[in-house]
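*Asks:* Just to be clear, the model below is a prediction. Sequence and coordinates:
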Amino acid sequence: MQVRYSINGFNSQQVVTLINQLISELPTVDTDPHFKPDEIKLNFQAYPNPFNSSTMLEFNLPESGSTSLTIYDINGRQVAEIYRNILLTKGNHKFRWNTSGLPSGLYFIHFKTTTKSTTLKVQLLK
């Protein structure tokens with residue numbers, strides 16, 4: 001038994017063709033047998049979040065390397081640069097960010113190493 005259907009004016013063959021095209025365009029994942037998920041985690045966090053006058057930034061580097069930590073406001077303006085291509089050792093690191101002089105709002109903390117980068121959204125409430 002063959003089922004016929006339509007979605008937004010597409011017949012069943014057109015739907016199948018679209019799905020196959022979308023699947024073929026998906027990126028592939030390398031299945032390296034030596035891959036260990038916890039090796040790529042930066043475990044980058046800020047707490048408390050939201051915060052009042054300061055927040056603790058904490059991260060874990062899986063390997064030593066050049067590190068940058070830059071903070072931007074909601075308009076994309078740089079408001080602080082904690083690290084700029086500083087060589088940090090492997091392991092856990094903490095930094096307290098004091099926000100004196102900054103208004104309440106959303107801020108984006110961009111964390112970058114030689115091999116990885118991530119951005120964390122935090123909210124300052126005064």
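*Replies:* That came through, no problem.
*Asks:* Beyond the lengthiest strand in the chain, next helix or strand please.
*Replies:* Using DSSP state E, we find that the single longest strand of the chain is strand 78-88. Once the chain leaves strand 78-88, the next helix or strand it forms, by DSSP states H and E, is strand 91-98.
*Asks:* neighbouring strands for that next one, and are they parallel or not?
*Replies:* strand 54-61 (antiparallel) (DSSP bridges).
*Asks:* Give the next helix or strand downstream of the strand it pairs with.
*Replies:* Next along the chain after strand 54-61, taking DSSP H and E as the criterion, comes strand 65-73.
*Asks:* Now find how far off-centre that next one is within its chain.
*Replies:* For strand 65-73, the separation from the chain centroid amounts to 13 Å (computed by C-alpha atoms, centre = their mean, to the nearest Å).
*Asks:* again, but for stretch 77-94
*Replies:* 16 Å.
*Asks:* in this protein, what secondary structure element scores lowest on mean pLDDT?
*Replies:* Counting by mean pLDDT, DSSP states H and E, the chain has its least confident helix or strand at helix 12-24, which shows a mean of 70.
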